[in-house]
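Asker: Fold the following and give me the result.
(chains A and B)
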Amino acid sequence: MNIPIYLDNNATTPMDPRVLEAMLPYFNEKFGNAASRNHPFGWVAEEGVDYAREQVAKLIGATEKEIIFTSGATESDNLAIKGVFEMYKEKGNHIITTVTEHKAVLDACKHVEKLGGKVTYLPVKEDGLVDLDVLEAAMTAETILVSIMYGNNEIGVIQPVKEIAAIAHKYGALFMTDAVQAVGKIPVNVIEDGIDLLALSAHKMYGPKGVGALYVRRKGPRVKVTAQMDGGGHERGMRSGTLNVPGIVGLGKACEIAGLEMESEAIRLSGLRDKLEKALTVLEESYVNGNVEHRLPHVANISFKYVEGEGLMMAMKDLAVSSGSACTSASLEPSYVLKSLGLSDDLAHSSIRFGLGRFTTEEEVDYAVEVTKNAVTNLRNMSPLWEMFKEGIDLDSIEWAEH
Amino acid sequence: MAYSDKVIDHYTNPRNVGTLDKSSHKVGTGLVGAPECGDVMRLQIQVDENNIITDAKFKTFGCGSAIASSSLATEWLKGKSVDDAMKIDNMDIVEELALPPVKIHCSVLAEDAIKAAINDFRVKNGMEPIVLEKSHH
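Answerer: Numbers count the residues shown, from 1 in each chain, chains lettered A, B, ... in the order given. Presented below is the predicted three-dimensional model:
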């Protein structure tokens, strides 16, 4: 067992050695520009890209012509939201999203607002899921796009994507989903789910950083986005720029492996996740955040009341995890995702996210449980809030001097 | 964020964690911060008849820098007169622990806790609380 233990697989994943192996030839002997149509160097590179396109498409039930390669999910989110807004502005100017989206979606929506668009940011229920009635009530004749993530990066909850798509389509809007955390982890099928646009990223599924894709539906309906990057007209005019051939080959391989191993891996990971969660919620005053039924197999987000997340992570220095604590961000604001579940600030400050992955072992999980339990116990012995709680003092009755 | 060695030292081996009898007239208690803000410090001093701080204890809910700031504060308080304790400035803590700008509020909280503990002690013993001219917030 190597220390520190990596349990932050929602931030990024280590690359699978099989992915690296597939990529390597495309750095040197197959270095050609995939857009060079007039010589074998270009053809070989193009072949690699075409094969990867098929691998990506297969994983999500799409066809290869519907895959646009990008630099990652942030670019895919931007292209989808801004591109749809520009392309469909004759039809309407209203976009619906949720408050728990990734910043790439939220900030792209804010940009659209500056351009005169209207955006509705739906709240979520206490378990992190969208209320379908609230969504339907927000739909208008002007709504062109509903953008709601598949699986949440902080708490792992899976939105009712199929139902959301049906509501969007009922009102003539497109449905886009940021599926970065879900693709490769759980079955995602653009046809069955009714997805019109989907953003995915290689480095969240054991592929390289700096490459991702946007799925753009071609049939029923044929969806178009206005390019946000002008240039040589690559990727059917939707995304100019010389293709990152090694990265794309890596993304393809990562998708292929994920498709083959997803089923058994999801069972293994949810088993380990449940073991971890069960062991840690034995601690008094610890709470699992988010819906525990509809969620990704590899994420556990737990609040340990009366200890602060960053202090806790410092005591868990043998574990690489993340926290919704304010102190981890420059803004000193605790996680907006946890706050939007209605969690009080102190519980948001006390949260730790454990993100398990393909290379996480049971031994590592057992060790993580021990380290976390000790850290929580030690810090509670040092916490004035824990002492007051134990003395039966109602912390809400105290007038805190907020600073 | 990388922590300084001194922060890590105080965090790993905190000095003077604990609780003094807050009902005693010799003990002053300062409770500052708020759970919503992610840090709460409780700092206590015990003062003898010569106005010397003979003991200091803390408990802190917060990040590593907040714990280190309060641990350091208790170390500095022990053996000081109450008047000298009033002179401890948050920037002394920043300097000693090499706190980065984003963590300065931890040192401010420690200074506030010292002053709150002293004032609690003064009020308990029939003295006027000292009006704090400096407001950081």
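Asker: Tally up the residues packed near the residue of the stretch 1-150 of chain A found nearest chain B, please.
Answerer: Taking C-beta to the nearest C-beta, chain B has its nearest neighbour within the stretch 1-150 of chain A at residue A:4, 14.4 Å off. Backbone N, C-alpha and C define where each C-beta goes, glycine included. Per other C-beta atoms under 10 Å in any protein chain shown, the neighbour tally for residue A:4 reads 12.
Asker: my guess is it contacts residue A:321, does it?
Answerer: No. Counting by C-beta atoms under 8 Å, residue A:321 is not a contact partner of residue A:4; they are 9.7 Å apart.
Asker: about what we covered before: quick one, what contacts the residue of the stretch 1-150 of chain A closest to chain B?
Answerer: Listed by C-beta atoms under 8 Å, 6 or more residues apart in numbering or on different chains, the contact partners of residue A:4 are A:317, A:318, A:319, A:320.
Asker: Go through these and name the one nearest chain B.
Answerer: Nearest to chain B out of the contacts of residue A:4 is residue A:317 (C-beta to the nearest C-beta; 9.2 Å).
Asker: mind checking the backbone torsions on the residue lying closest to that closest one once chain neighbours are set aside?
Answerer: For residue A:317, ignoring the flanking residues on the chain, the nearest one in space by C-beta to C-beta, 6 or more residues apart in numbering or on different chains is residue A:4 at 6.9 Å. Here is the backbone geometry of residue A:4 (degrees, to the nearest 10): phi -70, psi 160.
Asker: Give me the pLDDT for residue A:4.
Answerer: The confidence metric pLDDT takes the value 96 at residue A:4.
Asker: all helices of chain B, in order?
Answerer: B:5-12, B:64-77, B:82-86, B:90-97, B:104-124 (DSSP state H).
Asker: closest to residue A:213 out of those helices?
Answerer: Smallest distance to residue A:213 across these (C-beta to C-beta): 39.8 Å, for helix B:64-77.
Asker: quick check: angle from the closest one to helix B:5-12?
Answerer: For helix B:64-77 against helix B:5-12, the angle between stretch directions is 90 degrees (axes from the mean of the first three to the mean of the last three C-alpha atoms, to 10 degrees).
Asker: Run through the neighbouring helices and strands of helix B:64-77.
Answerer: helix A:309-315, helix B:5-12, strand B:39-47, strand B:53-61, helix B:90-97, helix B:104-124 (3 or more C-beta pairs under 8 Å, 6 or more residues apart in numbering or on different chains; DSSP states H and E).
Asker: which parts of stretch B:70-85 are buried?
Answerer: For stretch B:70-85, the buried set under the neighbour-count rule, 16 or more other C-beta atoms under 10 Å in any protein chain shown, comprises B:70, B:71, B:72, B:73, B:74, B:75, B:76, B:77, B:78, B:80, B:82, B:85.
Asker: Now do the same contact list for the nearest residue to the fourth one once chain neighbours are set aside.
Answerer: Taking C-beta to C-beta, 6+ apart, and ignoring the residues beside it in sequence, residue B:73 has residue B:110 as its nearest neighbour in space, at 4.5 Å. Contact analysis of residue B:110 by C-beta under 8 Å, 6+ apart lists B:41, B:43, B:66, B:69, B:70, B:72, B:73, B:90, B:93.
Asker: how close does residue B:110 get to residue B:2?
Answerer: According to C-beta to C-beta, to the nearest Å, residue B:110 stands 21 Å off from residue B:2.
Asker: Nearest to residue A:361, out of the contacts of residue A:4: which one, please.
Answerer: Scanning these for proximity to residue A:361, where the rule is C-beta to C-beta, the winner is residue A:319, at 13.6 Å.
Asker: Number of residues surrounding the closest one?
Answerer: Neighbour number of residue A:319 under other C-beta under 10 Å is 21.
Asker: Just grab the bridge partners of it for me.
Answerer: Beta-bridge partners recorded for residue A:319 (DSSP bridges): residue A:5.
Asker: Which residues of chain B lie near chain A?
Answerer: Residues of chain B lying close to chain A (C-beta under 8 Å from any C-beta of the partner chain) are B:3, B:11, B:14, B:17, B:19, B:31-42, B:59-64, B:66-67, B:102, B:105, B:108-109, B:136-137.
Asker: Separate out the buried members of those residues.
Answerer: Taking 16+ other C-beta under 10 Å as the criterion, what is buried in the residues of chain B next to chain A is B:3, B:11, B:14, B:17, B:31-42, B:59-64, B:66-67, B:105, B:108-109.
Asker: Now do the contacts for residue 7.
Answerer: With no chain named, the answer covers chain A. Applying C-beta under 8 Å, 6+ apart, the residues contacting residue A:7 are A:319, A:320, A:321, A:354, A:355, A:356, A:360, A:364, A:368.
Asker: The intended chain is chain B.
Answerer: With contact taken as C-beta under 8 Å, 6+ apart, residue B:7 is in contact with B:64, B:65, B:68, B:97, B:98, B:99.
Asker: Quick check: pLDDT value at the closest residue in space to residue A:125 that isn't next to it in sequence.
Answerer: Spatial nearest neighbour of residue A:125, excluding adjacent residues (C-beta to C-beta, 6+ apart): residue A:131 at 5.5 Å. On the pLDDT scale, residue A:131 is placed at 98.
Asker: Please apply the same query to residue B:137.
Answerer: pLDDT, read off for residue B:137, is 46.
Asker: hang on, the earlier thing: pick the one among the contacts of residue A:4 closest to residue A:206.
Answerer: Using C-beta to C-beta, residue A:320 is the member of these that lies nearest residue A:206, at 16.4 Å.
Asker: so how many other residues sit close to the closest one?
Answerer: Neighbour number of residue A:320 under other C-beta under 10 Å is 15.
Asker: Where do the helices of chain A begin and end?
Answerer: Using DSSP H, helices in chain A cover A:17-23, A:40-60, A:73-87, A:103-114, A:132-138, A:161-170, A:190-193, A:245-280, A:309-315, A:336-340, A:345-349, A:362-381, A:384-390.
Asker: Can you give me the buried ones in stretch A:57-72?
Answerer: A:57, A:59-63, A:66-72.
Asker: Among the residues you listed, list the two that are farthest apart in space.
Answerer: Spatial extent of the buried residues of stretch A:57-72 (C-beta to C-beta) is set by the pair A:61 and A:71 at 23.9 Å.
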